[in-house]
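J.: Could you work out the structure for the sequence below:
(one chain, ligands or ions: 1)
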Amino acid sequence: MLDFLGNLERTHYCGALRAANAGQEVVLMGWVNRRRDHGSLIFLDLRDRTGISQIVLDKELIPEGHAKGEQIRPEYVVAVVGKVRLRDAESINPKMDTGEIEIAASKLLVLNDSRLAPFSPAEEAIQNEEVRLKYRYVDLRRPEMQRNFRLRHDIALAIRENLSKQGFLEIETPILNKSTPEGARDFLVPSRVHPGEFYALPQSPQIFKQILMISGFDKYFQLARCFRDEDLRADRQLEFTQIDLEMSFAHQESVFAAAEQFMVAAFAAAGVALPAPFPRITYDESIRQYGSDKPELRLPGLIDVRPAFTDENLAALKIDPALPVVALRIPKVGELSRKEREDNHPLFDLKKGAKFIDDFKRLTKGFPEAAAKARALAGAAEGDFVIIVAGDPDHPSLIHSGTSDTKYPGRLSEREIAVYTAAGNFRTELAKKYADKHGAFGVTEQVVREADPWSGAKAVDGAAAFRPIWITDFPMFEFDPELGKWMPAHHPFTAPHEADMANLLTDPASVRANCYDLAMNGLELGSGSIRIHRKDVQQQIFKSLGISDEEAHARFGFFLDALEYGTPPHGGIALGLDRIVMLLAGAPSLREVIAFPKTAKALDVMVDAPTTVTDEQLKELHIRVALKS
Ligand code: ASP
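T.: Have a look, this model is predicted:
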């Protein structure tokens, strides 16, 4: 028989009681974490979101409660009235915050029972993530998950408070929307009222936030839900939350300052001191030094080892002398067998027209001087794994035969970028694989472990653990070898550098965009730009992207119109809240910091979505489903 709550009121959370509470009469409510039956004494570990208290049911003192206690199972929901008392010296548990006390129950109410869950919140997370997600309500009871969401709440609150203090207004923008081109596929929502027409869910509030600047709000922000129909990865979900902001009369510096301030506040909320201002690097330098536009700074970058090789060496090694020859170094990997090295080979992207040399013994045999010089240039110590990556002159890659080979003074060519990024991707993959050996990520794990925003302790120094970096001066266009066309590297509202405007149509590869990314620890946190605020420039950009006047009018006519009504210069940025929380929680995936995420197959296995709908619903929406057989 279950008991009713009646008007019993909770006096304390389970995690709150200490030795100082001894002697107090308390009322606790929560879930039974564990039960231990010692005959005339039954011990319950009672759990709520704050922690655990030990309850004692003594047959002599409360025979009725003790009898109920015999029936109780894990995850039953109970209320306990009792007195806090100090534990005997030998039963003090120093691992528990409440380990010095226990509650001698005088009354026990069993408020609800529970089926045996497929896993226990009292244990570590189970490996089968699908089961965790199906029974998410049980999974979320785990202290680790409770902590992640408390952290998420505090970080979001700190960001809101900080932006508000900086003068930003939070304004909501529509979810039922018109397509915004962020480069992903839209989710579409059919209109019942307008047969055959669709809303799009926002990939971002981009156009609306720009219109808010035209509307005179000056500084806008929103913790905005964004929807992108993309393939999922550990750091990607179909819907995610951006810290989205826009400001009028802004330039890059003002956006950086605003974002750095809220980032520092977000990290402080997690108990981590993040130094600002953040370092900066241009896109070209980032590619040159890390082979990536989201550089991982906790490990050595790429090193130019071209000087180690003579032209004859390169010819003999079949290396393209006109392309970069770089070394990547993963420290402390130790000697690898041939088999171990070969196991790494699938991690190298051969499509980029680059090749690699990872057998230094062999290189040393054939080219002793070059090999020694290359290792020296790479700063390699004994046991460091060094790999040379270079252009493959014989590679039949599209990039190689493409038209995008031209060099612009001071800028990297597409082929150079391809070689650098092949090296950069290999570097980050190997860094992940050999994380235990090089130990470079340990500093982050340690800071995450030590940071405790709720203890009142001083913030932990995050300078070495979290390495933010601004990437600036992106190219405006990237050559798409498959389409054989220059494509926008960002959404089409991004302003070009004023100095490069004249080349828009004649020489697209040379045009730099006035946009920027923020990366941290090899993860892109988000991007932003100074926007186009003049209709003539916006039209020109559409044209350079191959968007005809008619198409531009159909898709963005309203926006081109709005630009004509006194648009201030403006710019902004959007950073991924989920990713920031993931980093600060030390979580391996976004799914650990999103309460109800989708699986890698884009399913919500708890509610079972997506599903088919009734014929009635389809009819109302004027939709007929045509499945491929
Ligand atoms: N809307 C952009 C994005 O979602 C961010 C921005 O440019 O502010 O990436």
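
J.: who in the protein is up against the ligand?
T.: Contact residues, the chain versus the ligand (CB under 6 Å from any ligand atom): Glu182, Ser204, Gln206, Ser527, Gly528, Ser529, Gly572, Ile573, Ala574. Backbone N, C-alpha and C define where each C-beta goes, glycine included.

J.: Spatially nearest residue to Gly65, not counting backbone neighbours?
T.: Nearest residue to Gly65, sequence neighbours excluded (CB to CB, 6 or more residues apart in numbering): Leu108, at 3.7 Å.

J.: mind checking which helix or strand that neighbour is in?
T.: Using DSSP states H and E, Leu108 sits in strand 101-112.

J.: nearest spatial neighbour of Ser120, skipping sequence neighbours?
T.: Leaving aside its sequence neighbours, Ser120 sits nearest to Pro74 (CB to CB, 6+ apart; 6.0 Å).

J.: neighbours around the one you found, how many?
T.: 18 (other CB atoms under 10 Å).

J.: rewinding a little: just give the strands next to the strand holding Leu108 in its sheet, each with its orientation.
T.: strand 51-58 (parallel), strand 77-86 (antiparallel) (DSSP bridges).

J.: residues of the longest one that come out buried?
T.: By neighbour count, and taking 16 or more other CB atoms under 10 Å as the criterion, the buried residues in strand 77-86 are Val77, Val78, Ala79, Val80, Val81, Gly82, Val84, Arg85.

J.: which one of these sits closest to the ligand?
T.: Distance ranking of those against the ligand, using CB to the nearest ligand atom, places Val77 first at 42.2 Å.

J.: Show the contacting residues for the closest one.
T.: By CB atoms under 8 Å, 6 or more residues apart in numbering, the contact list for Val77 reads Met29, Gly30, Trp31, Val32, Val110, Leu111, Asn112, Asp113, Ser114.

J.: Using TSV, lay out those together with pLDDT.
T.: Below are those laid out as TSV (pLDDT from 0 to 100):
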residue	pLDDT
Met29	98
Gly30	98
Trp31	98
Val32	98
Val110	98
Leu111	98
Asn112	98
Asp113	97
Ser114	97
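
J.: Please list only the buried members of those.
T.: Met29, Gly30, Trp31, Val32, Val110.

J.: and which of the residues you listed is nearest to the ligand?
T.: Nearest to the ligand among these, counting by CB to the nearest ligand atom, is Trp31 at 39.7 Å.

J.: neighbours of whatever residue of the stretch 501-629 of the chain ends up closest to the ligand, just the number please.
T.: In the stretch 501-629 of the chain, the residue found nearest to the ligand is Ala574; the distance is 3.7 Å by CB to the nearest ligand atom. Ala574 sits with 26 neighbouring residues when counted by other CB under 10 Å.

J.: wait, is it part of a helix?
T.: No: assigned with DSSP: H, G, I helix; E, B strand; the rest coil, Ala574 falls outside any helix and is strand.

J.: what is it paired to in the beta sheet?
T.: Legend: beta-bridge partners of Ala574 under DSSP bridges are Asp244, Ser527.

J.: gap between it and Ile357?
T.: Note on Ala574: its distance to Ile357, by CB to CB, to the nearest Å, is 41 Å.

J.: now swap in Val537 and tell me
T.: Going from Val537 to Ile357 by CB to CB gives 47 Å.

J.: Touching whichever helix in the chain runs longest from outside, list them.
T.: The longest helix of the chain (DSSP state H) is helix 143-165. With CB under 8 Å, 6+ apart as the test, helix 143-165 has contacts from 49, 51, 121, 125, 139-140, 170, 221, 223, 243, 245, 258, 261-262, 265-266, 268-270, 453-454, 577, 580-581, 584-585, 587, 592-593, 595.

J.: if we go to 7 Å?
T.: 49, 139, 170, 221, 223, 243, 245, 261-262, 265-266, 268-270, 453, 577, 580-581, 584-585, 587, 592-593, 595 (CB atoms under 7 Å, 6 or more residues apart in numbering).

J.: Let me see the ranges of the strands in the stretch 451-600 of the chain.
T.: With DSSP state E, counting those that start in this stretch as the criterion, the stretch 451-600 of the chain has strands at 460-461, 468-472, 477-480, 485-488, 515-520, 523-530, 570-576.

J.: could these go into a markdown table alongside distance to Ala376?
T.: Converted to a markdown table, these look like this (distance: least, CB to CB, whole Å):
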| stretch | distance to Ala376 |
| --- | --- |
| strand 460-461 | 33 |
| strand 468-472 | 27 |
| strand 477-480 | 35 |
| strand 485-488 | 40 |
| strand 515-520 | 30 |
| strand 523-530 | 32 |
| strand 570-576 | 40 |
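
J.: would TSV of the ones you listed with mean pLDDT be doable?
T.: What follows is these, written out as TSV (pLDDT from 0 to 100):
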stretch	mean pLDDT
strand 460-461	98
strand 468-472	97
strand 477-480	78
strand 485-488	76
strand 515-520	97
strand 523-530	97
strand 570-576	98
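
J.: closest one to Glu239 among those?
T.: strand 570-576 (11.7 Å; CB to CB).

J.: Show me what the closest one packs onto, helices and strands only.
T.: Under the contact definition 3 or more CB pairs under 7 Å, 6 or more residues apart in numbering; DSSP states H and E, strand 570-576 sits against helix 206-214, strand 239-248, helix 252-269, strand 523-530.

J.: Which residues are in contact with the residue of the stretch 501-629 of the chain closest to the ligand?
T.: By CB under 7 Å, 6+ apart, the neighbours of Ala574 are Ser204, Gln242, Ile243, Asp244, Gly526, Gly528.

J.: repeat that with 10 Å
T.: 182, 204-206, 209, 221-222, 224, 226, 241-246, 259, 518, 525-528 (CB atoms under 10 Å, 6 or more residues apart in numbering).

J.: if I look at it, how far off is Ile243?
T.: 7 Å.

J.: same deal with Leu109?
T.: As for Leu109, its distance to Ile243 is 44 Å (criterion: CB to CB).

J.: Next: His38.
T.: 52 Å.

J.: Tell me how far the longest strand along the chain lies from the chain's centre.
T.: Ranked by residue count and defined by DSSP state E, the top strand of the chain is strand 25-38. Chain-centre distance of strand 25-38: 37 Å, with CA atoms, centre = their mean, to the nearest Å.

J.: Just the buried positions in it, please.
T.: By neighbour count with 16+ other CB under 10 Å, strand 25-38 contains the buried residues Val26, Val27, Leu28, Met29, Gly30, Trp31, Val32, Asn33, Arg35.

J.: What of stretch 54-69?
T.: Buried-residue list, stretch 54-69, by 16+ other CB under 10 Å: Gln54, Ile55, Val56, Leu57, Asp58, Lys59, Ile62, Gly65, His66, Lys68, Gly69.
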